[in-house]
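Visitor: sequence below, structure please.
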Amino acid sequence: MPGKIFFRERTKIGEGKKSPRFKLVAVSGVDLSLLAKHLRMQELELIATAVGAELVELKVDQKKKDEDVEIK
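Guide: Numbers count the residues shown, from 1 in each chain. This next block holds a predicted model:
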């Protein structure tokens with residue numbers, strides 16, 4: 001069984017920002033240490049391929065995301 005890398009889209013990032021959009025949540029079944037908590041999708045895909053893990057996206061409540069973005 002391959003390992004899994006769980007991630008979700010960040011909620012407090014505005015549209016069109018040039019910062020990483022995804023937050024690493026958990027890793028299961030893979031011996032992996034990461035220094036960054038916010039990553040781009042391309043980075044997540046490269047890491048998953050290199051360690052033989054599957055990417056699992058956790059859905060974000062769109063209403064909550066919209067409220068967080070409007071506050072900023």
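Visitor: can you confirm residue 54 is in a helix?
Guide: No: counting by DSSP: H, G, I helix; E, B strand; the rest coil, one finds residue 54 to be strand, located in no helix.
Visitor: wait, what's in contact with residue 51?
Guide: Contact analysis of residue 51 by C-beta atoms under 8 Å, 6 or more residues apart in numbering lists 3, 30, 32. C-beta coordinates here come from the backbone N, C-alpha and C atoms, glycine included.
Visitor: how about 6 Å then?
Guide: Contact analysis of residue 51 by C-beta atoms under 6 Å, 6 or more residues apart in numbering lists 30, 32.
Visitor: next, it: phi, psi?
Guide: The phi and psi torsions at residue 51 (degrees, to the nearest 10) take the values phi -100, psi 0.
Visitor: tell me the pLDDT at it?
Guide: Note for residue 51: predicted pLDDT of 93.
Visitor: what ranges do the strands span in this protein?
Guide: With strands called from DSSP state E, the chain shows them at 3-9, 22-28, 38-39, 53-58.
Visitor: quick check: which of the ones you listed is nearest to residue 45?
Guide: strand 53-58 (6.9 Å; C-beta to C-beta).
Visitor: packing partners of that closest one?
Guide: Strand 53-58 makes packing contacts with strand 3-9 when contacts are defined by 3 or more C-beta pairs under 6 Å, 6 or more residues apart in numbering; DSSP states H and E.
Visitor: hey, which helix or strand in the protein has the poorest pLDDT?
Guide: In the chain, no helix or strand scores lower on mean pLDDT, DSSP states H and E than helix 62-71, which sits at a mean of 53.
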